[in-house]
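J.: here is the input, now give the coordinates:
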Amino acid sequence: MNRNNRVKYIDILRAIAIILVIAGHIPYADFSADFHKWVYAFHIPLFFFVSGISLSFINYSKTNFKELLSKRFHRIYLPYLIWGILLAIPNFSLWTIPKILYGTHKSLASVTNSSLWFLPVLFISLLIVDTIIILLTKKKATSKLPLFLIGFLILALIMPSQPTIHELLNGHNLPLGIDIVPMTIVFILLGYLYQNCKKISNLRPKLYVSIPIILVMFLITLFFGLKNDVNYVLMAENRYGNYLFFLIAALAGIIASLLLSFTIEKYTKRLANLMQKIGSDTMLIFILHKYPLQWSIDLLALFTTTHVSNWIVIPYCILFTVPICMLFSYLINKYAPILTGKQKQFH
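T.: Model prediction:
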């Protein structure tokens, strides 16, 4: 699936996810804790789910692991290393490179942009899923994929319950977020299985059906997100709180986002085209958004001394941040494509 042959609803899903990431990172004193918990309940699982959907467009019967490894490296891990070093330059020290190579949310936060944690986890997760699907495809046993999904779900539920690991690592995750990988693979496999089940993935409910379901699903996400016994879900550090509540909230949010993407694609042509444009460059937006986001807050502080409602701050920050990120994306894609992995056209 290259840039000229993209599936619109998938890019719209990516755009929804990245807009939620930006909203979740708004550094504002009056930012709603409830809204924050709602966003974090499902936005990162949605990203991994979309990655799984994209895998269904790979012909695994004609693909070998060595080829996929090369493409994944150039598309994901090499940009991670380059951006990690570039963004660390203002605070460069002897520990910078080791912490980037360690590649967890906490290690990166102390030297560079902590949002980069997503890339090594995605890199490892996709390679594991690639390997499983290649092996099952060769044995004509892809029907066993749901068993792997269940297995990784069990592993994901067990790993964070082992506090000894985090105590030994002084609160850090395993290198490259390996302990997060089982949970991310669950959502990747869900996305892959969803797209390959044509009876489900081809469903496009009417508007009068979609809208109530979207509202109900988002309310379910809100309810279970708020009821979760953790301050907020943080997948970057393998923090889920109540696993059942986390899974229900994440799945409900994914369903709502899917239906929302179908609705946007079918009924709002201009918005759909704009969302597709945003969704085609989410990696760069993910990496860079914190900087223009902070600029937007600094600019707001210059012109306001009184309370500003979240209903104004949230859309203002998004409308300020996204266009700047898109401009950065255009310039980087044009003059330094190695920073985006676009020299290897692969999704």
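J.: any weak-confidence spans in the stretch 1-150 of the chain?
T.: In the predicted model of the stretch 1-150 of the chain, residues 1-5, 28-31 satisfy pLDDT under 70.
J.: which stretches in it count as helices?
T.: Taking DSSP state H, counting those that start in this stretch as the criterion, the stretch 1-150 of the chain carries its helices at 8-24, 33-40, 43-55, 65-72, 78-88, 96-102, 105-109, 118-138, 145-158.
J.: mind putting those helices into a markdown table with mean neighbour count and distance to Leu193?
T.: The way it works is simple: take the backbone N, C-alpha and C, and place the C-beta from them, glycine included. What follows is these, written out as a markdown table (neighbours: other CB atoms under 10 Å; distance: least, CB to CB, whole Å):
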| stretch | mean neighbour count | distance to Leu193 |
| --- | --- | --- |
| helix 8-24 | 24 | 15 |
| helix 33-40 | 19 | 25 |
| helix 43-55 | 24 | 8 |
| helix 65-72 | 15 | 19 |
| helix 78-88 | 19 | 27 |
| helix 96-102 | 17 | 32 |
| helix 105-109 | 20 | 28 |
| helix 118-138 | 20 | 11 |
| helix 145-158 | 16 | 6 |
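J.: for Phe224, which of those helices is the nearest?
T.: Comparing those against Phe224 with CB to CB, the closest turns out to be helix 33-40 (9.8 Å).
J.: so how far is that closest one from its chain's centroid?
T.: On the basis of CA atoms, centre = their mean, to the nearest Å, helix 33-40 sits 16 Å off its chain's mean C-alpha point.
J.: what do you get for stretch 217-226?
T.: The mean C-alpha position of stretch 217-226 is separated from the chain mean by 19 Å, CA atoms, centre = their mean.
J.: show the average pLDDT along it.
T.: Confidence over stretch 217-226, taken as the mean pLDDT, stands at 97.
J.: would you mark the buried spots in it?
T.: 217-218, 220-225 (16 or more other CB atoms under 10 Å).
J.: again, but for stretch 311-326
T.: So for stretch 311-326, counting by 16+ other CB under 10 Å, buried means 313-314, 316-318, 320-322, 324-326.
J.: avg pLDDT for it?
T.: Mean pLDDT, stretch 311-326: 93.
J.: tell me the SS of the closest residue to Pro27 other than its chain neighbours?
T.: With sequence-adjacent residues excluded and distances taken as CB to CB, 6 or more residues apart in numbering, Pro27 is closest to Ile297, at 5.7 Å. Put simply, Ile297 is helix when judged by DSSP: H, G, I helix; E, B strand; the rest coil.
J.: Ile297 and Pro182, how far apart?
T.: According to CB to CB, to the nearest Å, Ile297 and Pro182 sit 36 Å apart.
J.: of those two, who's got more company?
T.: Neighbour tally, Ile297 and Pro182, criterion other CB atoms under 10 Å: the higher count belongs to Pro182, 21 against 18.
J.: how about the more buried one, phi and psi?
T.: Main-chain dihedrals, Pro182, degrees, to the nearest 10: phi -50, psi -40.
J.: what of Leu234?
T.: phi -130, psi 90.
J.: for it, list each beta-bridge partner.
T.: Beta-bridge partners of Leu234, counted by DSSP bridges, are Arg239.
J.: wait, it touches Val39, no?
T.: No: contact between Leu234 and Val39 fails when scored by CB atoms under 8 Å: they sit 11.6 Å apart.
J.: count the neighbours of Leu299 for me.
T.: 13.
J.: ok, it - contacts?
T.: Shown in contact with Leu299 (CB atoms under 8 Å, 6 or more residues apart in numbering): Phe320.
J.: per-residue pLDDT, it?
T.: pLDDT for Leu299: 92.
J.: same question for the one 3 residues further on.
T.: pLDDT, the model's per-residue confidence, is 89 for Leu302.
J.: element containing it, please.
T.: If you go by DSSP states H and E, Leu302 is part of helix 290-303.
J.: can you give me the buried ones in that helix?
T.: For helix 290-303, by 16+ other CB under 10 Å, it's 290, 292-293, 296-297, 300.
J.: angle of it against helix 78-88?
T.: Per axes from the mean of the first three to the mean of the last three CA atoms, to 10 degrees, the angle that helix 290-303 makes with helix 78-88 is 40 degrees.
J.: return helix 290-303 as PDB; C-alpha atoms alone will do.
T.: Provided in PDB are the C-alpha atoms of helix 290-303 (Å, rounded to 0.1, in the frame of the first residue of the first chain):
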ATOM      1  CA  LYS A 290       4.900  18.400  21.200                       C
ATOM      2  CA  TYR A 291       6.900  21.400  20.000                       C
ATOM      3  CA  PRO A 292       4.200  23.400  18.100                       C
ATOM      4  CA  LEU A 293       1.800  22.200  20.800                       C
ATOM      5  CA  GLN A 294       3.900  24.000  23.400                       C
ATOM      6  CA  TRP A 295       4.200  27.000  21.200                       C
ATOM      7  CA  SER A 296       0.400  27.200  21.000                       C
ATOM      8  CA  ILE A 297       0.200  27.200  24.800                       C
ATOM      9  CA  ASP A 298       2.900  29.900  25.100                       C
ATOM     10  CA  LEU A 299       1.100  32.000  22.500                       C
ATOM     11  CA  LEU A 300      -2.200  31.700  24.300                       C
ATOM     12  CA  ALA A 301      -0.500  32.700  27.600                       C
ATOM     13  CA  LEU A 302       0.700  36.000  25.900                       C
ATOM     14  CA  PHE A 303      -2.800  37.100  25.000                       C
END
